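1. Show me how the following folds:
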Amino acid sequence: MSNTLPAIHVSPLARWATHLLIAISVGTMIGRIMAVTADTGETPMLSANDRSRWCTVRVLVEQGTYVIDDVVKLQHPETKRRFWNTIDKVRHRGHDGREHFYSSKPPLFPTLLAGQYWAVRNLLGWNLGDHPFAVMRLMLVLTNVLPLVLYFYVLLWMVNRLAVSELSRLFVMAAATWGTFLTTFSVTLNNHLVAAISVAIATGLIWEIWQGRRRYRQFFGAGFFAAFAAANELPALLFLAVMALAAVWKSPRHALAAFAPAAALVGAGFFGTNYLAHGTWTMPYAHRKDGPVVATLPPSMADALNARQVQATLPEALHTAGIQLSDQTVVLVYQQGTRWGLWDRASHTRLAVVRSGDVLQVRSWNNWYDYEGSYWQGREQGVDRGERSRLVYIVHVLVGHHGIFSLTPIWLMSLAGAASLLRGTRPGWRAFGWMVPGVTVVCLAFYVSRPPADLNYGGVSCGFRWMFWLSPLWLLCLAPAADRMLERPAGRIAAVLMLAVSVFSATYAAENPWSHPWLFDLGSSALWWRY
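-> Numbering: from 1, shown residues only. Got it, this is the predicted structure:
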């Protein structure tokens, strides 16, 4: 990030070695995608997470809606298994006034993928119902692998300008192509890859801007990809803010004319698709609690509610508050004596009744995750139930069974690399050295400060996936550390061992990234922990 960067010389041998690393990684990812199959064999979908997104892609193209009711009910003709069903869904009233199921994932990314599916369907005649393997595998290559090729070469461009020795450049690129969980996730539809790729591209463009190449297209691209990273990973909003500050610092005029409109374009797509899908600007994740109080009832009605009885006084009391319920209203008991639901099957009106002190509060329905049979209402299993101790959670996130440093120890070198950048003489790199650990700490603090129910390590996943989008930034910090460690024999041995463990962790879950890390499996077998 300086105008005084040294001239770069890369030998033909080092250049070809880097191309080979990328080519072998890409070939391996495509090979895995061509073999990816669900455990039950019907599709290449590996988890509820990717099924949720594929459901949206399918109904958008085939039905022109975000409602996934018909897809999640599909049954295999022989096993009768609902192989398109997903726990990552919400239920609420739609534009037609009736309740429907929707994917709980932000709809912008699946909406973009629907355009790709539309092209595949119309050009090749394949559809997700009759040709799930052909369509999904092709789209995974187009969506995951090809952008990762761009990601590798953007990283290479930056690493060649940051690392001093060719050996350290090769080390960083070996880590990028084999030692992170990004390539592990190449076989499944997910938001982590697209966020990490967007971070790399935005960083590269801001890098050019800081070198003095202030063109509108670079500011536009930086704004677009920084915002797209945030659209796929909420904590990346901080990264977007830092990139915006860097753009304004170098040229307020270019930032206002190009960076800001590009970011606004992504924001419009993010909130616009959410409104199209759900009829509100807020994400499904924000609809997890009861809504505001619309009426109150005397506590004497609790016994009738516990008995699932709709007394005449109940509709009358609600009518006084302007709420009309038909004679098809039923009572649903969620917590005996504490919380009930009122479900009008005729109008699809749903209300919550909650005991609060000496009164029963009738609240509008706003918990989209609370529906009959919902996995997220007391049926969670394993790590999904959350970690009871926040301290234990922090330990396992850093050095435990989902540990950032225990599973991928090359990130320890990145810590040293960031410290080296802070001690450097180039102002631009000192700023980068502050930015990366700062964004990392804030992101980590966001996740470890979540409510106890959310302390679930990202669910069943091969690592702490919520931090994967930071991988390109950590890889850049890896370069100065590699320069110093690889100068000495002992340092080379330590660096290779850390890389070997990182590669092992990334490949352990190569068949299905929606599986536990090897440290988790090892500890579970040894009865070190039970979930």
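2. any weak-confidence spans in this structure?
-> 1-8, 312-313, 425-428 (pLDDT under 70).
3. And the strands in it?
-> For the chain, applying DSSP state E gives strands covering 89-93, 99-103, 293-297, 329-335, 339-344, 349-356, 359-364.
4. can you tell which of those strands is closest to residue 452?
-> strand 329-335 (17.8 Å; C-beta to C-beta). Every residue, glycine included, has its C-beta placed from N, CA and C.
5. what angle do the closest one and strand 349-356 make?
-> If you take axes from the mean of the first three to the mean of the last three C-alpha atoms, to 10 degrees, strand 329-335 sits at 40 degrees to strand 349-356.
6. who does strand 329-335 touch, helix- and strand-wise?
-> Using 3 or more C-beta pairs under 8 Å, 6 or more residues apart in numbering; DSSP states H and E, the elements in contact with strand 329-335 are helix 302-306, strand 339-344.
7. Pull up the pairing partners for that strand, direction included.
-> strand 339-344 (antiparallel) (DSSP bridges).
8. Tabulate the CA atom coordinates of the partner strand in PDB.
-> What follows is strand 339-344, C-alpha atoms only, in PDB (Å, rounded to 0.1, in the frame of the first residue of the first chain):
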ATOM      1  CA  ARG A 339     -46.700 -19.000  26.900                       C
ATOM      2  CA  TRP A 340     -49.500 -20.000  24.400                       C
ATOM      3  CA  GLY A 341     -50.300 -19.300  20.800                       C
ATOM      4  CA  LEU A 342     -53.600 -18.400  19.100                       C
ATOM      5  CA  TRP A 343     -53.900 -19.700  15.600                       C
ATOM      6  CA  ASP A 344     -56.800 -18.700  13.400                       C
END
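9. who touches that strand?
-> 305-306, 310, 314, 325-326, 328-334, 349-355, 362, 365, 370 (C-beta atoms under 8 Å, 6 or more residues apart in numbering).
10. Stretch 374-394 spans what distance, first to last residue?
-> Using C-alpha to C-alpha, to the nearest Å, one end of stretch 374-394 lies 28 Å from the other.
11. no no, stretch 447-461
-> Stretch 447-461 has its terminal residues 16 Å apart, counting by C-alpha to C-alpha.
12. buried residues in it?
-> Neighbour-count burial for stretch 447-461 flags 447, 448, 455, 456, 457, 458, 459, 460, 461 (criterion: 16 or more other C-beta atoms under 10 Å).
13. got JSON lines for those residues, with distance to residue 138 too?
-> Compiled in JSON lines, the buried residues of stretch 447-461 are given as follows (distance: C-beta to C-beta, whole Å):
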{"residue": "447", "distance to residue 138": "34"}
{"residue": "448", "distance to residue 138": "39"}
{"residue": "455", "distance to residue 138": "37"}
{"residue": "456", "distance to residue 138": "33"}
{"residue": "457", "distance to residue 138": "32"}
{"residue": "458", "distance to residue 138": "28"}
{"residue": "459", "distance to residue 138": "27"}
{"residue": "460", "distance to residue 138": "26"}
{"residue": "461", "distance to residue 138": "25"}
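14. mind checking how far residue 446 is from residue 437?
-> Counting by C-beta to C-beta, to the nearest Å, the gap from residue 446 to residue 437 is 15 Å.
15. Ok, residue 125 next?
-> To residue 437, residue 125 is 51 Å away according to C-beta to C-beta.
16. Those two - which one has more neighbours?
-> When residue 125 and residue 437 are compared for neighbours, residue 437 comes out ahead with 18 against 9, by other C-beta atoms under 10 Å.
17. Now the more buried one: closest residue in space that isn't a chain neighbour?
-> In this structure, residue 437 finds its nearest non-sequential neighbour in residue 418, 5.1 Å apart by C-beta to C-beta, 6 or more residues apart in numbering.
18. just checking, that neighbour touches residue 476?
-> No. Contact between residue 418 and residue 476 fails when scored by C-beta atoms under 8 Å: they sit 9.3 Å apart.
19. Touching both of these two, which residues are there?
-> Joint contacts of residue 418 and residue 476 (C-beta under 8 Å, 6+ apart) are residue 436.
20. neighbour-wise, which of the two wins?
-> More neighbours surround residue 476 than the other of residue 418 and residue 476, with 28 against 24 (other C-beta under 10 Å).
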